[in-house]
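Student: Quick one, fold the following:
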Amino acid sequence: MRQLAFTSHDVARMVQVSPSTVLGWVDRGLLAAYRTPGGHRRIDGVALVRFLREHAMPIPKELAPITRVLIIDDELPFLSTAKRLLKRRAPHLELDTAGGAVEGLLKVGTFRPDAVLLDAYMPGIDGVEVCTRLKQSEDTRNITVIAVTGQPSPEIREQFTEAGAAECLVKPLDIDALVALLGIEPARETQHG
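Tutor: Below is the predicted model:
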């Protein structure tokens, strides 16, 4: 199951109720939510699925399992390492890579990923702009975006949160944290002896 963070408007659209109804569920403690550093509420995907099941409501397609991941980064060593680590931890995933923002945006249209692992700082179009474009389009707004940066700061984390990213991870990549965020069932480790 995807562990995404949704706005009250996202949840309202998915379950076909008004945003004020969603906020009422949050205010009454029926649906777990947290606040971003900017003061906006976000609803965790796992909590949302639990709530929907408890109330016999249909599960939206946006919460379907992640099977395709696109990695966008201008550093080729990071691309190959991230792809190798993800494939090792979750061999069932379909993975693709893009060496920059423009190539990444094009591949989103052809590869149709469920999730994008996105570098924050790239020449030309940066990761925040890519995330913003993905979240503004009806065709791509449900893609889970996980940002990564080698230069973490509260500002870049807030920019990504405001743009709609589920999380901003720090390089070098913590593959366990990524797998957990994506809600991917990791492959079982085998012992050779």
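Student: Nearest residue to residue 30 in space, please, no chain neighbours.
Tutor: Here the nearest residue to residue 30 in space, its sequence neighbours aside, is residue 51; by Cβ to Cβ, 6 or more residues apart in numbering that works out to 6.6 Å. (Glycine included, C-beta is placed from N, CA and C.)
Student: Now do the contacts for the closest residue in space to residue 73 that isn't next to it in sequence.
Tutor: Excluding its sequence neighbours, the residue lying closest to residue 73 (Cβ to Cβ, 6+ apart) is residue 119, at 3.9 Å. Each residue near residue 119 by Cβ atoms under 8 Å, 6 or more residues apart in numbering is listed here: 72-75, 78, 127, 147-149.
Student: Okay, and the beta partners of residue 119?
Tutor: Under the criterion DSSP bridges, residue 119 forms beta bridges with residue 148.
Student: List the residues that contact the residue nearest to residue 30.
Tutor: By Cβ under 8 Å, 6+ apart, residue 51 lies in contact with 25, 30-31, 57.
Student: From residue 59, how far out is it?
Tutor: Distance, residue 51 to residue 59, by Cβ to Cβ, to the nearest Å: 11 Å.
Student: Equivalent analysis for residue 118, please.
Tutor: Taking Cβ to Cβ, one finds residue 118 at 26 Å from residue 59.
Student: Hmm, residue 99 and residue 124 touching each other?
Tutor: No - using Cβ atoms under 8 Å, residue 124 is not in contact with residue 99; the gap is 11.7 Å.
Student: Could you list the domains of this protein?
Tutor: 5-63, 68-182 (automatic domain parsing).
Student: between residue 118 and residue 59, who's got more neighbours?
Tutor: Taking neighbours as other Cβ atoms under 10 Å, residue 118 and residue 59 compare with residue 118 leading, 29 against 14.
Student: give the contact list for that one.
Tutor: Per Cβ under 8 Å, 6+ apart, neighbours of residue 118: 72-73, 104, 127, 130-131, 145-148, 165.
Student: Not counting its neighbours along the chain, what's nearest the residue sitting nearest the centre point of the chain?
Tutor: Nearest to the mean C-alpha position of the chain, by Cα atoms, centre = their mean, lies residue 144 at 2.8 Å. Closest residue to residue 144 apart from its sequence neighbours, by Cβ to Cβ, 6+ apart: residue 115 at 4.0 Å.
Student: Just the buried residues from the contacts of residue 51, in ChimeraX please.
Tutor: Buried members of those, defined by 16 or more other Cβ atoms under 10 Å, are picked up in ChimeraX with:
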select :25,31
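Student: Fine by me, thanks again.
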